[in-house]
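> Sharing a model that was predicted from the sequence below.
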Amino acid sequence: MELTGAQALIKSLEMCDVEVMFGLPGGAILPVYDPILDSKIRHVLVRHEQGAGHMAQGYANVTGKPGVAIVTSGPAATNIVTPLCDAYMDSVPMVAITGQVALGSIGSDAFQECDTTGITMAVTKHNYLITDPSDIPRIVKEAFHIATTGRPGPVLIDVPKDVSNEMMEWYWPDEVDLPGYAPSTEVDPQKISEAIELICASERPVIYAGGGLLKARASDALKRFVEATGIHVVTTLMARGVFPDSDPLCLGMPGMHGNYTSVMAFQRSDLLINLGARFDDRVTGNAEFFAPDAKIIHVDIDPAEHGKVRRPDVAIQGDAKRALEALIVEFQTSAGSTPDRSAWKSTISGWQEQHPLTYEQADGGFPLKPQFVLEQLRDNTPDDTIVVAGVGQHQMWASQYWKFDYPYTWVNSGGLGTMGFAVPAAIGAKAGQPDRTVWAIDGDGCFQMTAQELITAAAEKIPVKIAILNNAYLGMVRQWQELFYEERYSEVYLSPDHPDYVGWAEAMGCAGIRVESAEEVVSAIEKANSINDRPVVIDFRVDAFEKVYPMVPAGGSNDDIILGPEGDADAKAKGTAPS
Amino acid sequence: MTKATDTEAQQDLHILAVLVENRFGVLARIAGLFSRRGFNIFSLAVAPTDDATLSRIIIVVDVHNTDVAQITKQLDKLVNVLEITELQPATSIERELMLARVIGADPEAVEQLLTQYGGSIVDSNDKEIIVSLHAHPDQLDLCESALHKFGILELQRTGRIALGRLGD
């Protein structure tokens, strides 16, 4: 069967079980858009290529399947660099297809030419420039294999326009042949028994649960491991939901804005069991002072993470689910007695009692506190609601105050910290899980970066719900300027009224609701929940002066955690070199 | 920890023999990886192997501030990298080629020096001499220092190549 390269490309995507792709056509990708009309694959037409990338990420996060974005050459390719980098940092499986100028024009500075593979080399797991249409099925199959196996990540395929137009004889390869790519998922039994020895000797063990557990679909295995061992679980920003917040052994989020108990459990632990986390600087603070007494068991599918930041005592390379299953078996068959951990348990419960997360919603409902909004949202939405956040204060409050009881209900930009992530990622999540309620928690600064994708959502009937915690500021930057730059507020004020968020939402085909006091919160949420024929935006006018606590000043030790405004003076003194 | 001098840093050189698929962009992937991870390349030599679909890249890395295992593990993640071997200087044959254009005021003395190192004069006129030496990089270092007294006008070294020594 003879096909054009473009037809072969779309057929290859069908062979890889692609259901939906997010994109925007243009010159160099035009040939590929023609067979889309005849394909069963749904195409969601975005308003900006960055949106296509984040939608693919949101889709991948909640479905476990690779997200697909398709855009043209030049500026479209550069517009998708941010989502690629975001997906690379957070290990999100994603395949991006970009158009390219004709092979003969490459290198001539042709119209809408850019060196896409060169530019994206540093932000993809791998990328391809196709030079022969006969390579298309092989390369597409390889790209999906690379994106979804080992440590997942984004793969880009650059397709020159003439390659799309040329004819090829269709085939579908049975297997991939990648001699330089063989991620190992098997775990070394010797390391498993060494890990169990450390676990059985530990008086103050803590599980440091990372996003890799979600990638490995290891939530159930983690629950069984915790049932067997009784060890407390700290869930990083990337792992919220992997272990239920309602379980008494779940301590919640660690790190710069983690709760006191999680932060101190790490600091005082004698054994961290790191499962698919990477000792990110937002978790460790100054790594030199992080968990000083702890031995380290580090399970990671990427061996380069072992020793990158902290040298492990036992490094287990492989799939986190397999590792956990092996650890459970080894624990049940060979574990002897464990030390008495009652003192450690009472220390932890003491911390929890003394230092819960706190805020005060003033009587009369004004000013409206962002934490109050989040608690009401949490309590007035289905338990399996998918929550998608942007980046900043609202993201930290969302992680702190939501109660995540199911995996794959929390989507955010962790590593790259991409403002504007929430709206398009929520649309991608809803496209992947149309029967679930999807709420984006966004900041006013973030919302203004990518809000135009709500036009996409309205046009494509993807009814996401957006809660803007509108404090009229780039709030996290404002917080740092207050604490570390002598309250010199440089270029952080955004105004609560410009834009008119309700008017903007309506202009984009969404319902718009404004909330100014605590009394209006629940009825607004109920109204939003009742609207399912279009997206809804709620403009929550929240207190501009509220800060995120606890806080570990950047570059400081986690021991210097600041619990609330009363610690601001300490923060100012210690946080002289934020980064 | 005191700040290392250049000499100390140079003593922390490791040799990586990296077998890669011979495709365009592979060298850029490797160079880009070193650049973005902050690894230092001391020298680099690239050419196809006896199998034209493969190239071997000999990278001499400065591991003064980096764990060599971290470099090899990051390199190993590149899809086009097939095999990485760390060669220990004690158990390796290392060679490098140097060409130098020097002032030809005293041709006999230049010739005598080169004889001592096993090099040769490959071109000359009444003003300048081009010399060639292929040997162990340490020998090149010594010869290069000695050439300074004649006046070096231009000098080029290839970067080292290496193979593991044969066992018994």
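Perfect, thanks for sending it.
> close to chain B, is stretch A:134-150?
Yes: Stretch A:134-150 lies within reach of chain B by CB under 8 Å from any CB of the partner chain, at residue A:146. The C-beta positions use only the backbone N, C-alpha and C, and glycine is treated the same way.
> All the strands of chain B, residue numbers only.
Listed in chain order, the strands of chain B (DSSP state E) span B:13-21, B:40-48, B:54-62, B:81-87, B:92-103, B:120-124, B:128-135, B:152-157, B:161-164.
> Show me what from the stretch 151-300 of chain A comes close to chain B.
Going by CB under 8 Å from any CB, the residues of the stretch 151-300 of chain A near chain B are A:178, A:179, A:180, A:181.
> Show the buried residues in those residues.
Buried by 16 or more other CB atoms under 10 Å in any protein chain shown: A:180, A:181, out of these.
> Quickly check the residues of the stretch 151-300 of chain A next to chain B for the two that are furthest apart.
By the measure CB to CB, A:179 and A:181 form the most distant pair in these, at 7.6 Å.
> Which pLDDT value goes with whichever residue of chain B sits closest to chain A?
Using CB to the nearest CB, residue B:73 is the residue of chain B that sits closest to chain A, at 3.9 Å. pLDDT recorded at residue B:73 is 96.
> If we ignore the residues flanking it in sequence, what's nearest it?
Of all residues not flanking residue B:73 in the chain, residue A:304 sits nearest, at 3.9 Å (CB to CB, 6 or more residues apart in numbering or on different chains).
> where in chain A is pLDDT low?
A:335, A:574-579 (pLDDT under 70).
> which parts of it sit against chain B?
A:117-118, A:121-122, A:125-126, A:129, A:146, A:178-181, A:302-304, A:306-308.
> in the sheet, who's paired with residue 94?
Unless you meant another one, I'm taking chain A. residue A:67, residue A:154 (DSSP bridges).
> wrong one, chain B
With DSSP bridges as the rule, residue B:94 is bridged to residue B:162.
> and it, how far is that from residue A:164?
From residue B:94 across to residue A:164, the span is 48 Å (CB to CB, to the nearest Å).
> Also residue A:233?
Residue A:233 is 49 Å from residue A:164, by CB to CB.
> Between residue B:94 and residue A:164, which is the more surrounded one?
Neighbours were counted for residue B:94 and for residue A:164 using other CB atoms under 10 Å in any protein chain shown; residue A:164 has more, 27 against 18.
> That one sits in which helix or strand?
Per DSSP states H and E: residue A:164 is located in helix A:161-165.
> Only the buried residues of whatever helix or strand comes next after that helix, if you could.
Downstream of helix A:161-165, the first helix or strand assigned by DSSP H and E is strand A:167-169. Residues residue A:168 are the ones in strand A:167-169 that count as buried (16+ other CB under 10 Å).
> which helices and strands does strand A:167-169 pack with?
strand A:2-4, helix A:5-15 (3 or more CB pairs under 8 Å, 6 or more residues apart in numbering or on different chains; DSSP states H and E).
> who are the neighbours of the helix or strand following it, in terms of helices and strands?
With elements assigned by DSSP H and E, the helix or strand that comes after strand A:167-169 is helix A:189-201. For helix A:189-201, the packing partners by 3+ CB pairs under 8 Å, 6+ apart come out as strand A:271-275, strand A:295-300, strand A:314-317, helix A:320-334.
> what about 7 Å?
Under the contact definition 3 or more CB pairs under 7 Å, 6 or more residues apart in numbering or on different chains; DSSP states H and E, helix A:189-201 sits against strand A:295-300, strand A:314-317, helix A:320-334.
> Can you point out the buried residues in that helix?
Within helix A:189-201, the residues scored as buried using 16+ other CB under 10 Å are A:191, A:192, A:194, A:195, A:196, A:198, A:199, A:200.
> Tell me which helix or strand in chain B has the weakest average pLDDT.
helix B:6-10 (a mean of 46; mean pLDDT, DSSP states H and E).
> show me the contacts for residue A:445.
Residue A:445 makes contact with A:392, A:419, A:474, A:494, according to CB atoms under 7 Å, 6 or more residues apart in numbering or on different chains.
> switch the cut-off to 10 Å
A:390-394, A:419-420, A:468, A:470-478, A:492, A:494 (CB atoms under 10 Å, 6 or more residues apart in numbering or on different chains).
> Would you mind writing the CA trace of the helix or strand encompassing it as PDB?
Applying DSSP H and E as the criterion places residue A:445 in helix A:444-450. In PDB, the C-alpha atoms belonging to helix A:444-450 read as follows (Å, rounded to 0.1, in the frame of the first residue of the first chain):
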ATOM      1  CA  ASP A 444      -4.300  35.800  38.500                       C
ATOM      2  CA  GLY A 445      -0.800  36.100  37.100                       C
ATOM      3  CA  CYS A 446      -0.800  32.600  35.800                       C
ATOM      4  CA  PHE A 447      -4.300  32.900  34.400                       C
ATOM      5  CA  GLN A 448      -3.300  35.900  32.300                       C
ATOM      6  CA  MET A 449      -0.500  33.800  30.600                       C
ATOM      7  CA  THR A 450      -2.600  31.100  29.000                       C
END
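> neighbours around the residue of chain B closest to chain A, how many?
19.
> my guess is it contacts residue B:86, does it?
No: taking contacts as CB atoms under 10 Å, residue B:73 lies outside contact range of residue B:86: 11.8 Å.
> Outline the domain layout of the chain.
Assuming you mean chain A. The record's domain parsing of chain A by automatic domain parsing lists A:2-169, A:189-353, A:363-548.
> I was after chain B.
Following automatic domain parsing, one finds the domains of chain B at B:6-87, B:92-164.
> which of those has the lowest average pLDDT?
domain B:6-87 has the lowest average pLDDT among the domains of chain B, namely a mean of 90.
> how far is that one from where the chain is centred?
12 Å (CA atoms, centre = their mean, to the nearest Å).
> Mind putting the strands of chain B into CSV with distance to residue A:211?
Shown next, in CSV, are these (distance: least, CB to CB, whole Å):
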stretch, distance to residue A:211
strand B:13-21, 30
strand B:40-48, 31
strand B:54-62, 31
strand B:81-87, 26
strand B:92-103, 41
strand B:120-124, 59
strand B:128-135, 51
strand B:152-157, 46
strand B:161-164, 40
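> rewinding a little: residues that sit against both of residue A:179 and residue A:181, list them.
B:79, B:80, B:81, B:82.
> quick one: which of the residues you listed is nearest to residue A:536?
Distances from residue A:536 to those, taken by CB to CB, are shortest for residue B:79, at 43.4 Å.
> Tell me, how many residues neighbour the closest one?
19.
> all helices for the stretch 351-500 of chain A, in order.
Applying DSSP state H, counting those that start in this stretch to the stretch 351-500 of chain A gives helices spanning A:370-379, A:393-401, A:422-432, A:444-450, A:453-459, A:475-484.
> in chain B, what residue sits furthest out from the centroid?
Ranked by distance from the centre of chain B (CA atoms, centre = their mean), the top residue is residue B:126, with 31.5 Å.
> Can you tell me how far the nearest residue to that one once chain neighbours are set aside is from residue B:134?
Nearest residue to residue B:126, sequence neighbours excluded (CB to CB, 6+ apart): residue B:104, at 6.9 Å. To residue B:134, residue B:104 is 21 Å away according to CB to CB.
> Please consider this matter closed, and thank you.
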